[in-house]
Every structure is written in structure tokens, then in C-alpha cells.
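S.K.: here is a sequence with its predicted model. Questions after.
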Amino acid sequence: MKKAMKWYSQRVVNVKRKREGAKESLSRDQITILRSEALSLLKTDYIIYEVRNFDYRCLPVFKLKLYHHLFQEQKNSKQSDDHEWIRTVLSSGTVSDKLAAHTVLLQESPVHNLRSVESLLRFVNTKGKRECVMAIDNLRDLFIGDLLIPKEKLHTFEELVGAVEPKWLLTPGGKPGERERFLVISHVEDQIRSLYKKFIDALITVSHDSLEALKMKSLKTMFDLFVNNPEQEKYLLSCMINKLGKELTFSYFTVTYFFFHPTPTQATPQPKLPLKQRTSSRRSSPSTTHR
């Protein structure tokens, strides 16, 4: 099955940004209405995505433009046999096959398959150790490779719509489909941010398990996430430090291996820029004395 374009490459570039110092801002009620509209658009387009023979030419102009931007590539890349296999696996397949099917759906179109992230998250618990490890690996690779934006942090829906000129959002017009696409992608970004936080919280829960291998797996995964993307980096760092500080049974070798052994998803052994900046600022601090 063909991999679709990254969801964040479909963001609207020509958005009317709010001017610096502008006093106009959206009210809470207006943001709620915009979020509801984004959900409605996404539900409609999810139906289009699911039904292969849907005649999209009957759509209104703005929805037609939205469809072409978000879903035409995914629709063309669909293979009926693949999707029939996925439906069968999700209903009656083994756990490993179900995990693989959810991964395929997310790689094909994250915009329409974020429910698969929730399904994978349900496996990240201490009840089934083997399934838990498999789900952790799949989610780690999906977040790093497909869902998180490289070298950028995700934003909430409120932050994204709040950075745009209110008039552009509240008075539909301009290029057909742009405003609608902005709302849908903003909602998707908000959801991915929330799901990523849930994944980290699930890893923290798993790290309290009595099985040492599972405990190390969760900690190692948190470290992989930390070094590969700046999203939630402060939270991840805090969780790792707190966890390692409480685990007095960890040997010196274990801690050394955890921090210095190269990770499979790490493109380069060099630390990320934010870490360098923190280190350099600490060294140059006036309170630091050289001996």
C-alpha cells in the first residue's frame, strides 16, 4: 500500500496571520463553533475516504477543493484487496496482525485514521507484556516518522486559530477550500498533540511495572522520543529524571547504557540544538565558577 504525503505538508501556507499588537481575538464561543465546524468537515470527508466509489463531483465547491487537497492522493493509492484484508484483520485477526493493520492505516492517511492511534494506545499496559512491547515500538516509530513534525512543536486548536486574523475565519470567502482545510488540519494537529501526551503518560505507567525488561523498554522509548523531536521535551526530560532518581536498583552500567547507547531511530549521535543551547547557557552563566 502506497504511503501518502505527510499530514503536515497539507497545512495552509497562505493564511492571513494576525497583525502584531492587534486587539481582535476570538471568543471562547467562536472557537467552540469553529472546532465543531472542523469536526463536521472531517466527518464528511471521512465518509468520502471510506467509500471508494463515492461521486465527489456532487460536493459543494469548497468541499470539492478540500477533498482534492486532503484525500485525492489517498483515494488513488487505495487498493481494494489491501483494505479488504485490513477490515478482516481488525475484526478477527491476531493481535500482531491488528497492530500491523492499524500501522498501515496511519501511514496511509493519519488525517482519517487517528482512531488507530487510540486503538494502539489500548495495548500499552502491563496486562499483556508481549503486546505492550509491540505496541510501544509501533507507536514510537509512527510518532517519530509520521505524526510529529520534524524540529517543530505541535500546537493546540486554540493556539492555531488564535494566530489567524478573526475576520478570515469568521467570514468564509477567498480561495475555495483553504479556510476549511485550515480548520481540519488544525483540529488534526490538536488531536495528535493530545494523543502524544497520552502515549507518554502510558509509558510512565508501564515504567512502574515489576518486570525489569518492560520498565527499561518504556524508559528507552521515552529517551528515543526526547532525542528525536522537541515536542513535550520538558515533560519527557522531567519524567525520565524523576523515574531514574527513584529507581535505586538501577546499576551504574544500566544508566550509562540508557543514556549513551545509540538508538535505532536516531539519525545522528549529535545532541539536538535545544540541549546544546541549555548546556552552553549553563556554562556561560555568571554563577558558574571556573576552577
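M.R.: Good, I have the coordinates. Numbers count the residues shown, from 1 in each chain.
S.K.: could you list the low-pLDDT ranges of the chain?
M.R.: Along the chain, segments meeting pLDDT under 70 span 1-4, 19-23, 51-81, 173-174, 245-291.
S.K.: so where's the longest helix in it?
M.R.: Longest helix in the chain, counting residues (DSSP state H): helix 178-206.
S.K.: flag every buried residue along whichever helix or strand comes after it.
M.R.: Using DSSP states H and E, the helix or strand that directly follows helix 178-206 along the chain is helix 212-228. Residues of helix 212-228 classed as buried: 214-228 (neighbour count, 16 or more other Cβ atoms under 10 Å). Backbone N, C-alpha and C define where each C-beta goes, glycine included.
S.K.: report the buried residues of whatever helix or strand comes next after helix 212-228.
M.R.: Counting by DSSP H and E, the next helix or strand C-terminal to helix 212-228 is helix 233-246. Going by neighbour count (16+ other Cβ under 10 Å), the buried part of helix 233-246 is 233, 236, 239-240, 243-244.
S.K.: over to stretch 7-27?
M.R.: Those would be 7-8, 10-12, 15-16, 18, 26, for stretch 7-27 by 16+ other Cβ under 10 Å.
S.K.: now, which of those residues sits nearest residue 135?
M.R.: Nearest to residue 135 among those is residue 7, at 21.1 Å by Cβ to Cβ.
S.K.: isn't that closest one up against residue 188?
M.R.: Yes. Counting by Cβ atoms under 8 Å, residue 188 is a contact partner of residue 7 at 6.0 Å.
S.K.: overlap in contacts of the two?
M.R.: By Cβ atoms under 8 Å, 6 or more residues apart in numbering, residue 7 and residue 188 have these common neighbours: 110-111.
S.K.: who's in contact with residue 26?
M.R.: When contacts are counted by Cβ under 8 Å, 6+ apart, residue 26 touches 34, 161-162, 166, 169-170.
S.K.: mind doing that once more with 7 Å?
M.R.: If you count contacts by Cβ atoms under 7 Å, 6 or more residues apart in numbering, residue 26 has them with 161-162, 166.
S.K.: repeat for residue 93
M.R.: So residue 93 contacts residue 101 (Cβ under 7 Å, 6+ apart).
S.K.: distance check, it against residue 86.
M.R.: 9 Å (Cβ to Cβ, to the nearest Å).
S.K.: so what sits against both of these two?
M.R.: Shared contacts of residue 93 and residue 86 (Cβ under 7 Å, 6+ apart): residue 101.
S.K.: isn't residue 49 up against residue 112?
M.R.: Yes. Using Cβ atoms under 7 Å, residue 49 makes contact with residue 112 at a distance of 4.7 Å.
S.K.: can you name the residues that contact the residue found closest to residue 243 once you drop the neighbours it is linked to in the chain?
M.R.: Nearest residue to residue 243, sequence neighbours excluded (Cβ to Cβ, 6 or more residues apart in numbering): residue 207, at 5.6 Å. For residue 207, the contacting residues are 215, 218-219, 243, by Cβ under 7 Å, 6+ apart.
S.K.: any chance of the buried residues of stretch 7-27 in JSON lines, with distance to residue 135 and secondary structure too?
M.R.: Shown next, in JSON lines, are the buried residues of stretch 7-27 (distance: Cβ to Cβ, whole Å; DSSP: H, G, I helix; E, B strand; the rest coil):
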{"residue": "7", "distance to residue 135": "21", "secondary structure": "helix"}
{"residue": "8", "distance to residue 135": "24", "secondary structure": "helix"}
{"residue": "10", "distance to residue 135": "27", "secondary structure": "helix"}
{"residue": "11", "distance to residue 135": "29", "secondary structure": "coil"}
{"residue": "12", "distance to residue 135": "33", "secondary structure": "coil"}
{"residue": "15", "distance to residue 135": "36", "secondary structure": "coil"}
{"residue": "16", "distance to residue 135": "41", "secondary structure": "coil"}
{"residue": "18", "distance to residue 135": "40", "secondary structure": "coil"}
{"residue": "26", "distance to residue 135": "38", "secondary structure": "coil"}
